[in-house]
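Novice: Any chance you could fold what I've pasted below:
(4 chains)
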Protein chains: 2
Amino acid sequence: MRKESSTNTLNRNKIHVNCGMAYTLDLIGGRWKPSILWALLDGKLRYSELKKNIPEVSERILVLQLRELEKDGLIKRKVYAEVPPRVEYELTNDGQSMKPMLQCISDWGEQHRPDKKN
Amino acid sequence: MRKESSTNTLNRNKIHVNCGMAYTLDLIGGRWKPSILWALLDGKLRYSELKKNIPEVSERILVLQLRELEKDGLIKRKVYAEVPPRVEYELTNDGQSMKPMLQCISDWGEQHRPDKKN
DNA sequence: TTAAGTACTGACAAAAATGTAAGTAATGAG
DNA sequence: CTCATTACTTACATTTTTGTCAGTACTTAA
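Specialist: Modelled structure (predicted):
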């Protein structure tokens, strides 16, 4: 949770105003968000499929990260009125519009991380 | 400081191995790192100039972020043996190689943040 | 002797992010 | 009636990040 008036939060918001980079990075910068976005680049996935894709994450955190991505308009959540439940996640248009940027970020990482295989 | 064996840290490292995006974002994702990198894109700056560029940050945090960027090989620190002291920061080659990516991240932010001026 | 300038450092505190373990709701199958 | 299935939620604990405030070291200039 975020205290609206902590220096920490105020700073965050001030930075967004004069640094587009900081704004973007705040949206995609959570621990598991890159993995989630990456998985969704190929199309929609059910909650359980996301979990399989990202085995290390706990359910609580996965849901938290999904909710934030949804709140920030990068993914949408579609619930089917079935039992057992079915929920699908997919990128919104804004999320799709990140594709080239995400690819670029990924490429830089692949090329520069120390333990890459030659 | 980081406890090398917490689940938190282990997860961070595991993610790096199979998600280049996550690796990159970890390097540039600190609160003030985008602002610092952005300022250094135009050339080297003294510590005091960086401070002027980013007035909100406290000295302690500014130094912390600079040290991390340095440790991760994105910037270099050059000390002149003068009094009063002079220290200059500039991008390394790896830092320079981020330029197009950083521009891309910045552009996305400028175009999508809610409170942009039309 | 005192002050000014620069680039910090240290002790401490608050806030935010991440993780663990267990539990819930609805329904159809056996 | 019990179990399996799916997508979560809740209470709690730990770890990490960010921030505050005061102080330091060195030398030159007044």
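Novice: By mean pLDDT, point me to the weakest helix or strand of chain A.
Specialist: The weakest-scoring helix or strand in chain A, judged by mean pLDDT, DSSP states H and E, is helix A:7-18 (a mean of 93).
Novice: In PDB, could you pull the C-alpha coordinates for that one?
Specialist: Only the C-alpha atoms of helix A:7-18 are listed here, as PDB (Å, rounded to 0.1, in the frame of the first residue of the first chain):
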ATOM      1  CA  THR A   7       8.200  11.900   0.600                       C
ATOM      2  CA  ASN A   8       8.700   8.600  -1.200                       C
ATOM      3  CA  THR A   9       5.400   8.800  -3.100                       C
ATOM      4  CA  LEU A  10       5.600  12.500  -3.700                       C
ATOM      5  CA  ASN A  11       9.000  12.100  -5.200                       C
ATOM      6  CA  ARG A  12       7.800   9.300  -7.400                       C
ATOM      7  CA  ASN A  13       5.100  11.400  -8.800                       C
ATOM      8  CA  LYS A  14       7.200  14.500  -9.300                       C
ATOM      9  CA  ILE A  15       9.700  12.500 -11.300                       C
ATOM     10  CA  HIS A  16       7.000  11.200 -13.600                       C
ATOM     11  CA  VAL A  17       6.200  14.700 -14.600                       C
ATOM     12  CA  ASN A  18       9.600  15.600 -15.900                       C
END
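Novice: does any bit of the helix or strand just after it sit next to DNA strand C?
Specialist: Next helix or strand after helix A:7-18 toward the C-terminus (DSSP states H and E): helix A:20-28. No - Helix A:20-28 lies out of reach of DNA strand C by C-beta under 7 Å from any atom of the strand, never closer than 8.1 Å. C-beta coordinates here come from the backbone N, C-alpha and C atoms, glycine included.
Novice: any idea which element A:Lys76 lies in?
Specialist: Counting by DSSP H and E, A:Lys76 is part of strand A:75-80.
Novice: same for that strand, what does it pack against?
Specialist: Counting by 3 or more C-beta pairs under 8 Å, 6 or more residues apart in numbering or on different chains; DSSP states H and E, the packing neighbours recorded for strand A:75-80 are helix A:33-40, helix A:59-71, strand A:86-91.
Novice: Give me the buried positions along the host helix or strand of A:Leu50.
Specialist: A:Leu50 is located in helix A:47-53, with elements delineated by DSSP H and E. Across helix A:47-53, burial judged by 16 or more other C-beta atoms under 10 Å in any protein chain shown covers A:47, A:50.
Novice: what's the closest non-adjacent residue to A:Gly73?
Specialist: Leaving aside its sequence neighbours, A:Gly73 sits nearest to A:Asp94 (C-beta to C-beta, 6 or more residues apart in numbering or on different chains; 5.1 Å).
Novice: do you know how far that neighbour is from A:Gln111?
Specialist: 27 Å (C-beta to C-beta, to the nearest Å).
Novice: Then A:Asp26?
Specialist: From A:Asp26 across to A:Gln111, the span is 24 Å (C-beta to C-beta).
Novice: higher neighbour count, those two?
Specialist: Neighbour count, other C-beta atoms under 10 Å in any protein chain shown: between A:Asp26 and A:Gln111, A:Asp26 has more, with 20 against 12.
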